[in-house]
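A.B. asks: for reference, the sequence and a predicted model appear below.
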Amino acid sequence: MSWAVRFIHDGRELVSRFPSGKALLPVSTRCGAQMVLGRWGRRPGETGVLPLGGWAHRTHLQADVWAPYAPRSALLPVVGFAERDVTGRERWFEVTRGTYIQGVVARVDRECRIYIVTLDCAPDETEFERWPRLVTWVPR
């Protein structure tokens, strides 16, 4: 299960792929004027107590399954993302200006990681098993 995002950082377009142990996600600061990079999820073999994987199902967040990890909603300013369809083919999708992937920042003590909030997909409606939750945000 491979997933990737493209984002602009310091004027350069970067690609971050979850399977990489160095995978990062961009997070908008509270005012949206700046961006910081954070570790994308946790992989098997990595130390820590936060959940394995790089995704948080929206229904699990709503049911407080993530409550022990003090989740805080975050906007992930990406210009594109990739997901594998049910046949295993990677497909890239553009993200329009003003639209963000919803993320969640999880913390336990000094450990902090970012996860992508996902929606479940009905197999009879799409060829993907999951989809990132996309949100629109306009600064005031």
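C.D. replies: Good, I have the coordinates. Numbers count the residues shown, from 1 in each chain.
A.B. asks: phi and psi next, for residue 61.
C.D. replies: The phi/psi pair for residue 61 (degrees, to the nearest 10) reads phi -70, psi -40.
A.B. asks: same question, residue 62
C.D. replies: phi -70, psi -30.
A.B. asks: ok, so what distance separates residue 7 from residue 84?
C.D. replies: As judged by C-beta to C-beta, to the nearest Å, residue 7 and residue 84 stand 19 Å apart. Every residue, glycine included, has its C-beta placed from N, CA and C.
A.B. asks: more neighbours: those two, which one.
C.D. replies: Ranked by neighbour count (other C-beta atoms under 10 Å), residue 7 and residue 84 place residue 7 first, with 22 against 17.
A.B. asks: in the helix or strand containing the more buried one, what's buried?
C.D. replies: When elements are assigned from DSSP states H and E, residue 7 belongs to strand 3-9. For strand 3-9, a neighbour-count test (16 or more other C-beta atoms under 10 Å) marks 3-7 as buried.
A.B. asks: least confident of these?
C.D. replies: Model confidence across the buried residues of strand 3-9 bottoms out at residue 3, which has 87.
A.B. asks: quick one: contacts for that residue?
C.D. replies: 17-18, 54-55, 81-84, 116 (C-beta atoms under 8 Å, 6 or more residues apart in numbering).
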